[in-house]
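> what shape does this take:
(chains A and B)
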Amino acid sequence: MDNAVTAKKKWWNGGYSPFSVSYGKLMMWYFLISDAFTFGALLIAYGTQRFMAQAWPDPNKVFYAFPFMGHMELPLVFVSLMTFILIMSSVTMVLAVHAGHHMDRKAVIKWLSLTILGGLMFLSCQAWEWTHLHEIGAWWGKNPFLNHDGSAPLSTNFTDFFFTITGFHGLHVTSGVVINIIVLINVIKGTYEYRGHYEMVEKVGLYWHFVDLVWVFVFTCFYLL
Amino acid sequence: MAHTQAATANEKDTAVKTIWRTFWILLGVTVVEIGLAFLHLYTGFPGKLLLNSVFIGLTIVKAFFIVAEFMHLRHEVKNLIMTILFPLLLFVWFIIAFLADGDSWKNLRKDLAPGTPAKVEAPAPQSGHHH
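Model prediction:
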């Protein structure tokens, strides 16, 4: 009868979840907090190195290329496309979660498939970007970019951090795509229909949005600032 | 039963509307960021410091909408919201301390590196003054 005690509900007296979410979702949140600290540590280390450096490359002079556009200088355009793809895949993921709430199996399949497609598109874009940067001589331990003020590079910190952080993010996208595919197979098989709820879609949804969230910060830290 | 179904359909509608509204906000903010970056590239306005502050502010706006709406945190119980957000306050200290440390290192290396003694910005020597 604890439902009747609404006037002054004692959250921490036991009997129900003080967080009012399932164990699985709570643990996903805890994992995401720890992952946030991992990414935060990487980005802050990058920031520290950048503050320590006497000079640093200009992102607009580094990230200017676009597929099939030759040597045209198009700063920010390609990464904007990547950002758009990732935001879009976040939307399709929310719509899949939403369809799951309404036990609409067909709609879950449709939106989850589109999310996977978005993830694969993002990864293809990143693969192209990395290939391009590698071709012009950038890699871990190799920094071909002149600094803002035209001086020669002082260290390889810029490329080291760029490839490490976008690589770690790309790894998250990759594992997100793999987990989404596994969940999609379960949806198609009817596992969640049988279970009576689509909570697994919500949990992978949380992970997927987190990956989008990290990209928002990576985008700002590497391409805008 | 008809009433329940109608209510569910209505609820479904508003939820989907909120999702798309959030999408347009995120897209809009990103377009503004890119627009400002190009404005700075071609005109030099706004200045770098102002521009970067705006970028960081807009990034936090985007993060808020992703976490609040897409991850649904806004609609969770207060206990859960606090449990998740309070640990992240450590980032405030983390960012200030490390960036200040980086800046301090830069200045130390600039001024105290071997062979590059700190420039003594002494006032113009006055006559009759001995060192």
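> so where's the chain uncertain?
I went with chain A, as the question did not name one. The model of chain A has pLDDT under 70 over residues A:1-8.
> meant chain B, my bad for not saying
If you take pLDDT under 70 as the line, chain B has these spans: B:1-12, B:115-131.
> tally of neighbours for the closest residue to chain B within chain A?
Of all residues in chain A, A:Phe51 sits closest to chain B, at 3.1 Å by CB to the nearest CB. Quick note: C-beta positions are derived from backbone N, CA and C, even for glycine. Other residues lying near A:Phe51 total 17 when counted by other CB atoms under 10 Å in any protein chain shown.
> what about it, helix or strand, and which?
Using DSSP states H and E, A:Phe51 maps to helix A:23-52.
> list of residues touching the helix or strand following that helix?
As assigned by DSSP H and E, the chain's next helix or strand after helix A:23-52 is helix A:59-62. Helix A:59-62 is touched from outside by A:Pro75, A:Leu76, A:Leu133, A:Ala138, A:Phe145, A:Leu146, A:Phe222, A:Tyr223, A:Leu224, A:Leu225, B:Ala37, B:Leu41, with contacts defined as CB atoms under 8 Å, 6 or more residues apart in numbering or on different chains.
> so how far is chain A from the last one?
Think B:Leu41. Shown here: B:Leu41 relative to chain A, a distance of 6 Å by CB to the nearest CB, to the nearest Å.
> please report the distance of the residue lying closest to that residue once chain neighbours are set aside from A:Val97.
Nearest non-adjacent residue to B:Leu41, counting by CB to CB, 6 or more residues apart in numbering or on different chains: A:Asn60, 6.1 Å away. Note on A:Asn60: its distance to A:Val97, by CB to CB, to the nearest Å, is 37 Å.
> give me the neighbour count for the nearest residue to A:Asp35 once chain neighbours are set aside.
If the residues on either side of it in the chain are set aside, A:Asp35 comes closest to A:Phe210, at 6.7 Å by CB to CB, 6+ apart. A count of nearby residues for A:Phe210, using other CB under 10 Å, gives 25.
> so who does the residue of chain B found nearest chain A touch?
For chain B, the residue closest to chain A is B:Gly102, as judged by CB to the nearest CB, at 3.1 Å. Contacts for B:Gly102 (CB under 8 Å, 6+ apart) come out as A:Gly47, A:Thr48, A:Gln49, A:Arg50, A:Phe51, A:Met52.
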